[in-house]
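In: I need the structure of the sequence given here:
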Amino acid sequence: MNDTDISIAIDKVEIDTEAGRLMISAKISRPTLFVRLVGVNEMKAILISEATRAKNRLEVAMVLDNSGSMQSYGRMTALKTAAKLAVDILSGGDSNPEKVFIGLIPFNQYVNIGTKDRKKKGVDYQGKSPLSWDNFDDDNNPSTGHDTSKPSDRLNRLAKYAAIPNVSWKGCVEARSHDTSKPESARLDVNDVEPNYDALPGYDYGETLFVPVFEPDLPDWNKWDRRGYIKDTKGGCKWHNNDRVRQEKDCKYNGQWVNFGGGENGQGPNAGCGDAEVLPLTNVMSAVKSGINAWWRRVVQTSTWAPSGVGVYFRPQRLTLKAFLMMMAPAK
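Out: Predicted coordinates for the structure are as follows:
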């Protein structure tokens, strides 16, 4: 204290590391002025101060690469070892930590968020996203795409799945748009804007939604490719001499069976969509490790697109303290 007439002494200190609590009690004494005239020469008081450190809930999404390159050079084995070690470090070895929650996001070119709770997860199940017509068209002009300026003219990809008798959507979604006309912080593939079925400030109607994956069938001469699975003239489509027109025709899927030459993960509209679904945040560490241990059978022969994993990140639950840990092959 600057005033030498004032005395202060620490009387008691209590530290509770488990609760993150610090309590200090002190005695203070100072001489009086006016009340000294009535015989009160000193004023004493006890000061108590307590501080509590809030123990935040830690929520970590582990974004794990399961694309084809992870099969080489022991990468998947190394990923599993590192991921389980991270679980042990984050949980402090506790099997059910009260404040630590971990989720798994397997990603390659896409992310499988599962087919349930579509609206809650922000899936474009109504066909309102301006990205819905990407790789599709319904005219014979290879130089133009479909006009998506009106939400009512957009494509419902889940309805397109429903038109194919032997295929159902497996739950994979594409990365959201990377609109370079927007500042980087506003680009949907790398930010955390909540999916919304209406228009948001700065975004088009349905633009913030996740579009279901629908790998288009390639022109007939590409039947060696895993994405060639329906004849170009099926569903009432007329033959056209332009490859792009034949690929983009949406009529060829109507009521047509898909030829699964390499299994559903390798061919058809779900091509590239792995079986491994996102594991929601949980504090059951055995469930997290079980998901990691099963990774050997989850590699999908696709390219790697990191924004798919980062973009999904975690929308089923809002995060209190959010972080993500990404594991992928070198040089990606």
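In: Check whether Ala9 sits in a helix, strand or coil.
Out: Following DSSP: H, G, I helix; E, B strand; the rest coil, Ala9 is assigned to strand.
In: for this structure, what spans make up the strands?
Out: 7-16, 21-31, 42-52, 58-65, 100-107, 111-112, 172-173, 279-282, 321-327 (DSSP state E).
In: Just the angle for the fourth one relative to strand 100-107, thanks.
Out: Think strand 58-65. 20 degrees (axes from the mean of the first three to the mean of the last three C-alpha atoms, to 10 degrees).
In: For the remainder of this discussion, apply numbering that starts at 325.
Out: Got it, first residue is 325 now, which makes that one strand 382-389.
In: Pairing partners for strand 382-389, with directions?
Out: Sheet pairing for strand 382-389, assigned by DSSP bridges, gives strand 424-431 (parallel), strand 645-651 (parallel).
In: so Ser509 touches Asp516, yeah?
Out: No. The criterion here is C-beta atoms under 8 Å, and Ser509 misses it with Asp516 at 10.2 Å. Heads up, the C-betas are built off the backbone N, CA and C, glycines and all.
In: between the two, who's got more neighbours?
Out: Asp516 (13 against 8; other C-beta atoms under 10 Å).
In: Kindly provide the distance from that one to Ser349.
Out: Between Asp516 and Ser349 the distance is 44 Å, computed by C-beta to C-beta, to the nearest Å.
In: Next: Ile437.
Out: In terms of C-beta to C-beta, Ile437 sits 53 Å off from Ser349.
In: and those two? which has more neighbours close in?
Out: A direct count of neighbours by other C-beta under 10 Å for Ile437 and Ser349 places Ile437 higher, at 23 against 14.
In: pretty sure the more buried one contacts Lys444?
Out: No. Ile437 is beyond contact range of Lys444, at 10.2 Å (criterion: C-beta under 8 Å).
In: so Tyr434 touches Gly495, yeah?
Out: No. Using C-beta under 8 Å, Tyr434 is not in contact with Gly495; the gap is 9.4 Å.
In: shared neighbours of the two, which are they?
Out: Listed as contacting both Tyr434 and Gly495 by C-beta atoms under 8 Å, 6 or more residues apart in numbering are Cys597.
In: Now do the helices in the stretch 375-524 of the chain.
Out: Per DSSP state H, counting those that start in this stretch, the stretch 375-524 of the chain carries helices over the ranges 399-415, 442-445, 481-486.
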